[in-house]
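Visitor: return a 3D structure for these sequence lines:
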Amino acid sequence: MVRIRFTVGDFARVRFAPRPAPLQELNAALAMMVRRDGHLLFGHWRQRTMRNLPSTALPLRDLVPGSAAPRFLDVFSDSLAEGLETVRAARPELVRAEMERVYAGQATPPPLWVRDLHRGDAHAWRLLRRAQRSAFDAVLRPAWDLVRDLHREEFARHALTVAEHGIGAALAAVVPGGRLGGDGVWEFASGPPERDIALDGRGLVLVPTFHWAGHPLIADLPGSPLYVTYPAGGGGLPPALSGA
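Guide: Coordinates of the predicted model:
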């Protein structure tokens, strides 16, 4: 269960991302690609995506040795170039802390290039940028126009809900089974662990994704709004497959 606690000011700072975020959509697609459930619906797409991934994208596997990716990959710019720059500009202390977190308890030590990234090596950062760009080109570039169209439809639908019924109704519609209580707490089912997040005036940004069918993904970075990436499109075929 996730509980997000709003102040009065936070309700004025709820917004829906007006355009898709290339790197976040890529994160969602790669996470969906390595899940083991939903084989009947996603099996063919997973196989094709794995087959099409170039070797230059493979270092991304090293960044997620377990089930959680490092938080400095959570980037919500609507420009791929700007998103790549934002990743590179991540604070060194955040990068170090996140790489240590995701490798904690792993039986296999991090590969050399990840250790170089941990210490800020420029070549390791170039390797990561090339991996993200080539993965986007292989997985999402062919379907990106369709992703944009679907995002516009999703944005318009929620904008209409807010205009007619208010932000509470829109939040309830984003995550089936979620509810906004009279105490200003929005709660919905999610994967472990349970989380209780106070916005404290930061606001909330809701980001639809069309390549993820699991629970909402939470990006809680210091000094930023809380980002909630939620599956849109009814859990159907990913655009990268249905648009092929």
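
Visitor: for the protein, what spans make up the strands?
Guide: For the chain, strands defined by DSSP state E occupy the ranges 2-5, 14-16, 179-180, 185-188, 195-198, 204-209, 217-219, 226-231.

Visitor: okay, buried residues for stretch 183-203 please.
Guide: Neighbour-count burial for stretch 183-203, counted by 16 or more other Cβ atoms under 10 Å, picks out 186, 187, 188, 190, 197, 199, 202, 203. All C-beta atoms are positioned from the backbone trio N, CA, C, and that covers glycine.

Visitor: name the nearest of those residues relative to residue 223.
Guide: Using Cβ to Cβ, residue 202 comes nearest to residue 223 of the buried residues of stretch 183-203, at 8.2 Å.

Visitor: quick one: closest of the strands of the chain to residue 74.
Guide: Nearest to residue 74 among the strands of the chain is strand 217-219; the distance by Cβ to Cβ comes to 3.9 Å.

Visitor: and that closest one, how far out from the chain's middle?
Guide: Chain-centre distance of strand 217-219: 6 Å, with Cα atoms, centre = their mean, to the nearest Å.

Visitor: other SSEs contacting it?
Guide: Judged by 3 or more Cβ pairs under 8 Å, 6 or more residues apart in numbering; DSSP states H and E, strand 217-219 is in contact with helix 22-34, strand 226-231.

Visitor: what's the angle from the longest one to strand 226-231?
Guide: For helix 22-34 and strand 226-231, the angle between their directions (axes from the mean of the first three to the mean of the last three Cα atoms, to 10 degrees) works out to 50 degrees.

Visitor: contact partners of helix 22-34?
Guide: Among residues not part of helix 22-34, those counted as contacts by Cβ atoms under 8 Å, 6 or more residues apart in numbering are 42, 46, 49-50, 60, 64, 69, 73-80, 83-84, 87, 132, 135-136, 139-140, 144, 147, 207, 209-214, 217, 227, 229, 238, 240.

Visitor: one more: the last one?
Guide: With Cβ under 8 Å, 6+ apart as the contact definition, strand 226-231 has outside contacts at 4, 24, 28, 74, 76, 174-175, 197, 199, 202-210, 212-214, 216-220.

Visitor: so residue 18 touches residue 154, yeah?
Guide: No: the pair residue 18 and residue 154 fails to qualify as a contact (Cβ atoms under 8 Å) at a distance of 10.5 Å.
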